[in-house]
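>>> no sequence for this one, just the structure:
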């Protein structure tokens, strides 16, 4: 696989274009904004989403989807979860049959409760599927700092080829066959990171954050098991690893969003100041919808949803979590 196309010109899509180029691949990037494509082609990097971070030479960007994927041997899909279906439908008109699609976004579709893989199976049924997930901040990956992620693909031979195509000395991939587990970890951790940010912004201490991460992992695993995910995946890079990273750093858009909430800002005020999408805001809706549909108890995610989308008082939400009936830890 010598030519890789990345669909999505945000921070993570641009970082993955840098990854593919450093791995020695011919790399093209689809950016919806013509000005971003022009800046990358001019050698100015991506000033809108990764300012002041130089990119490797040779990345070709285009604001035309068909042009960006021409002759590609694999695609990385890096678009916000709530736009996934629309982009996949556009891709269906131009993508040749049999080109592997690697999901590199994280979320659950609102109203349908569909994972990103389920959207692709519905809209692009002739494309082999993989998922890339794990603890990774785009800016660090774009700079070439070391990172380890999970690449999940049901077809182990294809998964091996994709790993070989993208790996480089600072970009290490571990192979898995559990796409569902990789997706659940990536979607739920964004909601939990908002919760941890709220705790930080409220000054509630490290003990509270550790408890949230641990009990949040239990929620993630309950939902994952219900969807058929493997426990090992959720305890690995795509689950626990991503959760720990996102719940402990202001680099995380979801953690910093929660931190600002905890300090008294409203969701509308925080989002108005941002260019990049904060996935946990919409995932708070869709993850809870999916959990309720499957009969899975996710009290932390439910509290985050109530704070952001129903106007619940933060202190009341925290009290509600602390006053839940006492129970065994593993039940």
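Now that the structure is in, tell me what you want to look at. Nothing here was measured: the structure is a model prediction, and the numbers come from that model.

>>> how far out from the middle of the chain is the longest helix along the chain?
Counting residues, the longest helix found in the chain (DSSP state H) is helix 179-202. Its chain's C-alpha centre and that of helix 179-202 lie 10 Å apart, by CA atoms, centre = their mean, to the nearest Å.

>>> try stretch 2-22
Relative to the mean C-alpha coordinate of its chain, stretch 2-22 is positioned 15 Å out (CA atoms, centre = their mean).

>>> repeat that for stretch 290-306.
19 Å.

>>> what about that stretch, start to end distance?
16 Å (CA to CA, to the nearest Å).

>>> same question for stretch 107-123.
Stretch 107-123 has an end-to-end distance of 17 Å (criterion: CA to CA).

>>> same question for that stretch: list its buried residues.
Going by neighbour count (16 or more other CB atoms under 10 Å), the buried part of stretch 107-123 is 107-110, 113-120, 123. In this view, the C-beta of every residue, glycine as well, is placed from N, C-alpha and C.

>>> now do stretch 80-94
For stretch 80-94, the neighbour count (16+ other CB under 10 Å) marks 80, 81, 82, 84, 85, 87, 88, 91 as buried.

>>> now the helices for the stretch 151-300 of the chain?
Taking DSSP state H, counting those that start in this stretch as the criterion, the stretch 151-300 of the chain carries its helices at 156-166, 179-202, 206-227, 231-234, 242-246, 253-262, 267-272, 279-294, 299-309.

>>> relative to residue 133, which of these is closest?
For those, the distance to residue 133 is smallest for helix 179-202, at 4.3 Å, taking CB to CB.

>>> got the angle between the closest one and helix 206-227?
Helix 179-202 and helix 206-227 are oriented at 160 degrees to each other (axes from the mean of the first three to the mean of the last three CA atoms, to 10 degrees).

>>> residue ranges with poor pLDDT in the stretch 201-331 of the chain?
Applying pLDDT under 70 to the stretch 201-331 of the chain flags no residue at all.

>>> how about a cut-off of 90?
Judged by pLDDT under 90, the stretch 201-331 of the chain has its weakly predicted residues at 275-277, 330-331.

>>> show me how this protein divides into domains.
Taking automatic domain parsing as the reference, the chain has its domains at 3-177, 182-322.
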